[in-house]
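S.K.: how would this look folded up:
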Amino acid sequence: MVAPEISELVQSVVESYLLDGERRYNRAEVAGRSGVSEQVSRKLWTALGFPVNPDDAVDYTDADVSAVRNFRGMNVVADSGLRQQAAAARTLGQGMARLAEWQSDLVLAEITSRVQAAIADGAVTDPQELAKIARTATEETVSVLEELQTYAWRRHLAAALARSIDGGTAEDSTRYLAVGFADMVGYTRLTRHLHPDELSMLLEAFESTTTAAITENGGWVIKNVGDEVMFAAETAAAGARIALAIQESTMMVGGTPELRVALAYGPVLQRFGDLYGSVVNMASRLTGVARPGTILIDDGAAAALDGDPEFDLRNLRSVRVRGFNRLRPHLLRPKDA
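M.R.: Residues are numbered from 1 along each chain as shown. Next comes the predicted model:
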């Protein structure tokens, strides 16, 4: 372990690098320099997911001032109300926070490894030299992560723009999509008996196989939540191929629990990268009533797939689920099943 005084020095050096400067402004000064009110700056700060400190606390850097100014300077942002601005900031903050939680382990592991190696070799004992080692490790690791993150973001943005252009819709708008869910059967019971390492391997297998099935068949992942993945596709046929591929790929991975999969097709609200509406709710409810290893679809998807020689559909009895008195499921199978 690194001595406490060295840890504090390393932390200060790393923080200065990551925050792109020293803390030198309070909230009023940030507001004055960025041209927004203190109320707006506070609202955007908390929406990003950062804790609110006393207004007179010197917690902000030049980078914070530039961020507020740049964000508010975008025409689409400036023309919207504070509620919409806060919603955009909240979505950005949530996505970045999740990335940061994962990446912090990588950065810390690299810093710790280099500092401890220098101490163990006896070559470096001066706290300032150890701080330089920590700074170098941070810069090099963060640089690689930034490059990979920018690359992945630009590729995803290009794909999302292409979908939006083809669909002729914008954010906070309605478009026709196939929305599906897949979840693991018996996940809650499994978590009580699996070692954390085994649970991690199970989740990795689930996420990797479902992501591959989704992307290889023209869809995209909306989100992963524990034992469940939510996905979307432009057409019901693409959604059906994804659902079938998910079931097939999961059965090929030994030790993976059976899945329940469901799909619905129709108008959905697209908002900040997520999807909302009755179609989403129907897909979720059908997932809950599907038998392990099967795929259920709603009337909208069944109508869109009717007559398609690639799929076999079987009408099932209507079911009563939360929010829907009579929801009629259809069993989806490949034509040669």
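
S.K.: output the lowest mean pLDDT helix or strand found in this structure.
M.R.: helix 75-78 (a mean of 66; mean pLDDT, DSSP states H and E).

S.K.: next SSE after that helix?
M.R.: As assigned by DSSP states H and E, the chain's next helix or strand after helix 75-78 is helix 82-121.

S.K.: between the very next helix or strand once past that next one and helix 82-121, how many degrees?
M.R.: Counting by DSSP H and E, the next helix or strand C-terminal to helix 82-121 is helix 127-167. Put simply, helix 127-167 runs at 140 degrees to helix 82-121, going by axes from the mean of the first three to the mean of the last three Cα atoms, to 10 degrees.

S.K.: by contact count, what packs against the helix or strand that helix 127-167 is followed by?
M.R.: Counting by DSSP H and E, the next helix or strand C-terminal to helix 127-167 is strand 173-184. Contacts defined by 3 or more Cβ pairs under 8 Å, 6 or more residues apart in numbering; DSSP states H and E place strand 173-184 against strand 228-233, helix 236-251, strand 259-271, helix 278-289. Placement of C-beta: from N, CA and C, glycine included.

S.K.: what are the buried residues along the longest one?
M.R.: Same thing as helix 236-251. Within helix 236-251, the residues scored as buried using 16 or more other Cβ atoms under 10 Å are 236-247, 249-250.

S.K.: now render these as CSV, adding distance to M96.
M.R.: Listed next are the buried residues of helix 236-251 as CSV, based on distance: Cβ to Cβ, whole Å:
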residue, distance to M96
A236, 34
A237, 35
A238, 30
G239, 29
A240, 34
R241, 33
I242, 28
A243, 31
L244, 35
A245, 31
I246, 29
Q247, 34
S249, 30
T250, 31
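
S.K.: next one: stretch 104-118 to chain centre, how far?
M.R.: Stretch 104-118 sits 26 Å away from the centroid of its parent chain (Cα atoms, centre = their mean, to the nearest Å).

S.K.: and for stretch 261-276?
M.R.: 16 Å.

S.K.: circling back to that earlier point, between the helices and strands packed on strand 173-184, which gets nearest to R33?
M.R.: strand 259-271 (32.0 Å; Cβ to Cβ).

S.K.: buried ones in that closest one?
M.R.: For strand 259-271, by 16+ other Cβ under 10 Å, it's 259-266, 268, 270.

S.K.: which residues does the residue nearest to P329 when sequence neighbours are not counted form a beta bridge with?
M.R.: Setting aside the residues directly before and after it, P329 is nearest to L296 in space (Cβ to Cβ, 6 or more residues apart in numbering), at 4.3 Å. Per DSSP bridges, the residues bridged to L296 are A262, L331.

S.K.: for L296, grab the count of nearby residues.
M.R.: L296 sits with 29 neighbouring residues when counted by other Cβ atoms under 10 Å.

S.K.: pretty sure it contacts G288?
M.R.: No: the criterion here is Cβ atoms under 8 Å, and L296 misses it with G288 at 9.8 Å.

S.K.: where does the stretch 101-250 of the chain have low pLDDT?
M.R.: For the stretch 101-250 of the chain, the stretches with pLDDT under 70 are 166-172.

S.K.: at 50 what do you get?
M.R.: Applying pLDDT under 50 to the stretch 101-250 of the chain picks out no residues at all.

S.K.: so R291, which state does it fall into?
M.R.: The assignment at R291 comes out as coil when based on DSSP: H, G, I helix; E, B strand; the rest coil.

S.K.: spit out the contact partners of P257.
M.R.: Going by Cβ atoms under 8 Å, 6 or more residues apart in numbering, P257 touches 184-187, 190, 202.

S.K.: you'd agree it is in a strand?
M.R.: No: under three-state DSSP, P257 sits outside any strand and is assigned coil.

S.K.: report pLDDT for it.
M.R.: pLDDT, P257: 81.

S.K.: so the protein: which segments form each domain?
M.R.: Residue ranges for each domain of the chain read 4-163, 169-334, as given by automatic domain parsing.

S.K.: ranking the ones you listed by burial, who's on top?
M.R.: Between the domains of the chain, domain 169-334 has the highest mean count of neighbours, a mean of 18, where neighbours are mean count of other Cβ atoms under 10 Å.

S.K.: give the contact list for D308.
M.R.: A237.
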